[in-house]
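1. Okay, sequence plus prediction incoming.
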Amino acid sequence: MDQREFLASVPRRFAATQAREADAYNRIIYALGPEYVAADLPRVLSFRGVGLPKGFEADRNSVHELNRAFHEIEYPDVYRLGAFVGVPGLTLEHLSTVLHFRHPAFPIWSREAVRAVDALQFGVRYESAATSRALDAYRDFIRAVDVLKDRIQYPHVPESNVFLTRLVEAALYDAGLQQS
Amino acid sequence: MPGATSAFEEWVHEFHNWQKDIGFDTRLLGDYKFETKFGELDDDKIEFGDYAGEPKWETVRGIPHQQVRDALEHLIVYQGDTEFASVEQQRHLVKTAPSDYDLKSAVRVMSEEMRHGWQMCYLLTTHFGESGTIEASKLLKRRADSQQRLLGSFNEPVRHWLDFFVFTQFVDRDGKYQLKMLSRCAFAPLARSMGPMLKEEAFHLGTGHTGLKRIVEAGKVPTSILQKYVNRWVPTAYDLFGKDESGSAEWAYVYGLKCRFNEKETHDALNKKEINDYNRNLYHQEISKLIDEINVKVRSGEPKLYAPDLKFHRAIGRYAGKPYDVHGKPIPQSSYEEYVASVLPNDDDERKLAEIFRTNDWIAPREVPTSW
């Protein structure tokens, strides 16, 4: 896939993804307070059907740990998420989804978006379980999204209330869906 | 010379003082970094005006006439003035955000407006010598709260989040027009500055448009009240395009500094005397379509929103102070003042809004989260 062609297709692809998921996205992002509470997690992880990790309890302690990590995290550093490496059943989809809705500069990780980024010659490999290797891959994914954000020209940036990260990620998701 | 500070570095110090002085909490910026950004040029030749076909000017020294340099500096000063002004107008809103994401959106808008002012001051201090340094410093001394800003819209208070969404939808949208018109400027550093600024402006405009759709969807703010805020801000945005039959717009075109909004796309014949009005009409067409999109969400029984006519409540140009109603019909001068008071926000509207804003369900979607 050619990068220039992809960037020119962002408005169309973003619109396609929004048609599928704008309502779900908005119902989550505009309803969040300054920190997560336990009731937020099932709602946030309902996005794209990610769901709660098996055996995971959205209790006060786990939410406290999430809030603490997210309070300290600064874009684009992913390694603050290292606290969650090895948690049984936890995937990069889970982590990046809850992270994105707190810090919209961080993109949501998905098999589809990674497929598209790889097709754009960025060499990102898909990982699922939240391991150290997965964090490396997520870091590479963020770098690729950053390059695309930098290279996209203003006529291809539609007016929206989502961060440029989400615009590009949603376009990548659409491109990846079409390649599957 | 080792240890010497550039004029821009000294300006950055003044910028930090300005942030403190206006009470902007810089902790809100998080990991946001202020930096100058330059995009690519579509064309490295001057694209319109008397110098068309010549290479674009990379330095002010390369500009052949002092009048052109002065006009260019004037354009940059006015652009920069609006950026700092809008932060002064909006900074208090962080205390009353309807959601955490709305707070993030407002902080992002303000961060980027500051960056745009930063970009203009970089150009002034780097390219315009002592005169540019003085102007860049003056940009940080004027205050919107004291009606010292150079353009009318930017001396009006943004009182609450409804004002904010209407402002970002309609007044920032004029900003998009100005930036696009400057994106083909014969002075290459200014033209290159516009691409990144336009990318960022897309978020500001989207915030306004989405915000208004959400307000209408929630159905708590009557559209009759919302219309009054549209009536308040849109005429000021019309005025931002400048006078009809403007000599300075004509010269800016002739000098190759600022073209029509759709210069590259249009086949319309150029009327150099009516450039401002031409752009203003394009803007009016655009906002009318956007208002139609918002009207899709208006509940049955509620009046639909509309864009006030170009003649209504103007302070600049051929219709300035003239008695026209919101639909552009002339009305008797004797009843004009009373009429205007009836279609603009009043204290009673502000009281009603204050009551509506007490619960965050005036803007969709907003679910009250359950506790532990």
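-> Looks like it arrived, so ask away.
2. Count the residues that sit near the residue of the stretch 1-150 of chain B found nearest chain A.
-> In the stretch 1-150 of chain B, the residue that lies nearest chain A is B:Asp31 (4.4 Å; Cβ to the nearest Cβ). Where C-beta positions appear, they are placed from N, C-alpha and C, glycine not excepted. B:Asp31 has 11 neighbours, counted by other Cβ atoms under 10 Å in any protein chain shown.
3. Same question for A:Val145.
-> 25.
4. What's the separation between it and B:Glu14?
-> As judged by Cβ to Cβ, to the nearest Å, A:Val145 and B:Glu14 stand 35 Å apart.
5. if we can go back for a sec, how about the residue of the stretch 1-150 of chain B closest to chain A: what's its closest non-neighbour residue?
-> Spatial nearest neighbour of B:Asp31, excluding adjacent residues (Cβ to Cβ, 6 or more residues apart in numbering or on different chains): A:Glu74 at 4.4 Å.
6. Would you mind listing what in chain A touches chain B?
-> A:26-27, A:29-34, A:37-40, A:60, A:74-75, A:104, A:152-154, A:157-164 (Cβ under 8 Å from any Cβ of the partner chain).
7. Only the buried subset of these, as a ChimeraX command please.
-> To isolate the buried subset of those in ChimeraX, counting by 16 or more other Cβ atoms under 10 Å in any protein chain shown, use the following:
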select /A:26,27,29,30,31,32,37,38,40,75,104,152,153,154,157,158,159,160,161,162,163,164
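8. picking up where we left off before, and the residue of the stretch 1-150 of chain B closest to chain A, what element?
-> Per DSSP states H and E: B:Asp31 is located in neither a helix nor a strand.
9. Now do the same for the residue positioned nearest the centre of chain A: helix, strand or coil?
-> In chain A, the centroid-proximal residue (Cα atoms, centre = their mean) is A:Ile108; its distance is 0.7 Å. Following DSSP: H, G, I helix; E, B strand; the rest coil, A:Ile108 is assigned to coil.
10. residues in contact with it?
-> A:Phe47, A:Arg48, A:Glu93, A:Ser96, A:Thr97, A:His100, A:Arg166, A:Glu169 (Cβ atoms under 8 Å, 6 or more residues apart in numbering or on different chains).
11. of those residues, closest to chain B?
-> Among the contacts of A:Ile108, and counting by Cβ to the nearest Cβ, the member closest to chain B is A:Arg166, at 10.4 Å.
12. ok, and the closest non-adjacent residue to that closest one?
-> Nearest to A:Arg166 is A:Pro104, by Cβ to Cβ, 6+ apart, at 6.2 Å.
13. can you check A:Ala171 too?
-> Using Cβ to Cβ, 6+ apart, the nearest residue to A:Ala171 is A:Arg13, at 3.8 Å.
14. ok, that neighbour to A:Phe122 distance?
-> According to Cβ to Cβ, A:Arg13 stands 17 Å off from A:Phe122.
15. So for those two, which residue has more residues nearby?
-> Shown here are A:Arg13 and A:Phe122; by other Cβ under 10 Å, A:Arg13 has more neighbours (22 against 17).
16. list the contacts for that one?
-> A:Ala170, A:Ala171, A:Leu172, A:Asp174, A:Ala175.
17. can you rerun that using 6 Å?
-> A:Arg13 sits next to A:Ala171, A:Asp174, A:Ala175 when contact means Cβ atoms under 6 Å, 6 or more residues apart in numbering or on different chains.
18. Of the residues you listed, which is the nearest to B:Val68?
-> Nearest to B:Val68 among the contacts of A:Arg13, counting by Cβ to Cβ, is A:Ala171 at 41.1 Å.
19. Contact partners for the closest one?
-> Applying Cβ under 6 Å, 6+ apart to A:Ala171 gives the contacts A:Val10, A:Arg13, A:Phe14.
20. ok, residues contacting the helix or strand bottoming out on mean pLDDT in chain A?
-> Across the helices and strands of chain A, the lowest-confidence element by mean pLDDT, DSSP states H and E is helix A:60-72, at a mean of 89. Here helix A:60-72 makes contact (Cβ under 6 Å, 6+ apart) with A:Glu35, A:Tyr36, A:Ala38, A:Arg80, A:Ala83, A:Arg102, B:Trp372.
21. ok so, going back, sort out for me which of the contacts of A:Ala171 are in strands.
-> Among the contacts of A:Ala171, no member is found in strands (DSSP state E).
22. ok, now how distant is the residue nearest to the centre of chain A from chain B?
-> A:Ile108 sits 15 Å away from chain B, going by Cβ to the nearest Cβ, to the nearest Å.
23. Repeat that for A:Phe122.
-> Noted for A:Phe122: a distance of 21 Å to chain B, by Cβ to the nearest Cβ.
24. Surely the residue nearest to A:Arg166 is within a strand?
-> No: read with three-state DSSP, A:Pro104 is coil and lies in no strand.
25. wait, doesn't it sit right on A:Phe163?
-> Yes: in this structure A:Pro104 lies within contact range of A:Phe163 using Cβ atoms under 6 Å: 4.3 Å.
26. number of nearby residues for B:Ala71?
-> 18.
27. Also A:Asp23?
-> So A:Asp23, with other Cβ under 10 Å, has 11 neighbours.
28. which stretches of the stretch 151-300 of chain B have low pLDDT?
-> For the stretch 151-300 of chain B, not a single residue meets the criterion pLDDT under 70.
29. Now do the residue nearest the centre of chain B against B:Leu162, distance only.
-> Taking Cα atoms, centre = their mean, the centroid of chain B lies closest to B:Asp172, which sits 3.2 Å from it. Distance, B:Asp172 to B:Leu162, by Cβ to Cβ: 15 Å.
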